[in-house]
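Student: Could you look at this predicted model? Sequence included:
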Amino acid sequence: MLAEEKAMLVPSLEDFVRIDRTEISVAEGAQTRVLAREAQIIARLRAGEMGAFEDLVSDYTALVYALAFRILNDREEARDVAQETFLKVYRHFGRYRGDARLKTWICRIAINQARTTDRWWRRRAKAGEYRSTSPA
């Protein structure tokens, strides 16, 4: 009798499939909202609305900073890279073709900027100048 009660508590395969479908539909809904927000920001940026750039910065600052910090392992340098990244996005948004998501384009700019900064510091270290590192 006890085994039968336990068996009733274990979800069936159909329950797992139903749970997976629910989780997938929730994830798809969230992804759709993200893509819609991104499309809205792109349209607003192309229309020249400054508020759109502020929204873009607020949406992607944490991601850009995290990427830069991961590469540089220096808080101040990561902040500088994040600032430079958004300056480049602002200056060169006209070059954004839309082949990739806006997030991908911004991340690529951030990674390139962080690597450039890292190379700059490495060249200075070889020349005898040292990077002032802040605590990680």
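Tutor: Perfect, I can see it now.

Student: Please name the residues that touch A82.
Tutor: By C-beta atoms under 8 Å, 6 or more residues apart in numbering, the contact set of A82 is 61, 64-65, 68, 110. C-beta: built from backbone N, CA, C; applies to glycine.

Student: switch to 6 Å and redo it
Tutor: Counting by C-beta atoms under 6 Å, 6 or more residues apart in numbering, A82 touches 64-65, 68.

Student: Any idea how many residues pack against Y60?
Tutor: 21 (other C-beta atoms under 10 Å).

Student: Is it within a helix or a strand, and which one?
Tutor: Taking DSSP states H and E as the criterion, Y60 maps to helix 50-72.

Student: For the contacts of A82, please prepare JSON lines with the additional fields pLDDT, neighbour count and distance to A39.
Tutor: Output for these, formatted as JSON lines (pLDDT from 0 to 100; neighbours: other C-beta atoms under 10 Å; distance: C-beta to C-beta, whole Å):
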{"residue": "V64", "pLDDT": "97", "neighbour count": "27", "distance to A39": "20"}
{"residue": "Y65", "pLDDT": "97", "neighbour count": "18", "distance to A39": "24"}
{"residue": "A68", "pLDDT": "97", "neighbour count": "28", "distance to A39": "26"}
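
Student: from the residues you listed, which single one is nearest G48?
Tutor: For those, the closest approach to G48 (C-beta to C-beta) belongs to V64, at 22.6 Å.
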